[in-house]
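> take this sequence and fold it.
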Amino acid sequence: MINEIENYLEEPVYWTGVELYDRYGSDDFLKRMFSASGNSFNKKKVTTELTKILEAAKEQAAQKAAIPDAPGVAELRSQANALMDERSALKERARVLISQGAKEGPELQEIAFALAFGIRHQLDSIYGRIQYAQVNGSLPETDAAASLSITSMIRRRNTLRTYLSRGKNPAKIDTWKAEIFQLDLKLKELES
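Here you go, the predicted model:
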């Protein structure tokens with residue numbers, strides 16, 4: 001994003017600025033206004049707004065760079081990059097097979113399975129651990145702790161509470177209560 005906006009500001013082309021603001025801006029009124037007309041006011045305004053977005057992005061990047069990663073996070077990032085490269089290679093292989101007329105077959109099924117379950121699961125685990133480290137300052141002891149973000153734990157707890165209010169099966173009610181108790185413990189642990 002930073003490079004795109006900097007390139008635009010070096011050589012402003014109005015409609016490129018409109019596209020960038022559509023992508024990175026947040027004000028829907030300005031988006032409509034910019035797409036409606038390329039008058040001189042809009043040309044100045046889109047440049048001003050993109051400059052503000054650029055400054056905010058640079059500040060956020062500087063703050064992020066100032067916070068050192070927890071030990072082991074750099075290794076996780078390199079693992080994630082390797083998996084992303086592998087995922088890209090598999091997607092390209094699938095595109096080649098499909099362009100050659102393959103609609104199904106063992107190789108396509110293998111690629112689809114690797115993309116949907118293998119690599120995706122590994123990336124979710126790695127990014128969950130990285131997110132946990134960013135919040136807590138250290139890597140989690142287990143992948144299970146990392147896989148549950150605070151938001152997902154609260155969402156799951158609320159879902160379980162809904163199940164409890166409507167539940168009639170005593171065996172499931174006890175299971176749900178136990179899970180709510182565990183989630184509450186984890187949330188209190190993360191808050192402290």
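
> in which helix or strand does the residue nearest the centre of the chain reside?
Geometric centre of the chain, nearest residue: residue 127, 8.9 Å, by C-alpha atoms, centre = their mean. Using DSSP states H and E, the element containing residue 127 is helix 120-136.

> immediately after the lowest-mean-pLDDT helix or strand in the chain, which helix or strand?
Here the helix or strand of the chain ranked lowest by mean pLDDT, DSSP states H and E is helix 143-147, holding a mean of 56. Using DSSP H and E, the helix or strand that follows helix 143-147 towards the C-terminus is helix 150-166.

> what comes up buried for that next one?
Within helix 150-166, the residues scored as buried using 16 or more other C-beta atoms under 10 Å are 153, 157, 160, 163. Heads up, the C-betas are built off the backbone N, CA and C, glycines and all.

> ok, stretch 2-10 next?
Quick answer for stretch 2-10 (16+ other C-beta under 10 Å): 5, 8.

> and that stretch, how far out from the chain's middle?
Between the centre of stretch 2-10 and the centre of its chain there are 23 Å (C-alpha atoms, centre = their mean, to the nearest Å).

> contact partners of that stretch?
16-17, 20, 24, 47, 50-51, 53-54, 57-58, 61 (C-beta atoms under 8 Å, 6 or more residues apart in numbering).

> with stretch 162-182 instead?
156-157, 160-161.

> kindly format the C-alpha coordinates of it as CSV.
C-alpha atoms of stretch 162-182 as CSV (Å, rounded to 0.1, in the frame of the first residue of the first chain):
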residue,chain,number,x,y,z
THR,A,162,-27.3,-19.8,23.6
TYR,A,163,-27.2,-23.6,23.5
LEU,A,164,-27.7,-23.7,27.2
SER,A,165,-30.7,-21.5,27.2
ARG,A,166,-32.4,-23.7,24.7
GLY,A,167,-30.9,-27.1,25.6
LYS,A,168,-32.9,-30.0,26.8
ASN,A,169,-30.4,-32.9,26.7
PRO,A,170,-28.7,-33.0,30.2
ALA,A,171,-25.5,-34.7,28.9
LYS,A,172,-24.9,-32.0,26.4
ILE,A,173,-25.7,-29.3,28.9
ASP,A,174,-23.0,-30.6,31.2
THR,A,175,-20.5,-30.6,28.4
TRP,A,176,-21.4,-27.1,27.4
LYS,A,177,-21.1,-25.8,30.9
ALA,A,178,-17.7,-27.4,31.2
GLU,A,179,-16.6,-25.8,28.0
ILE,A,180,-17.9,-22.4,29.1
PHE,A,181,-16.0,-22.8,32.4
GLN,A,182,-12.7,-23.6,30.5
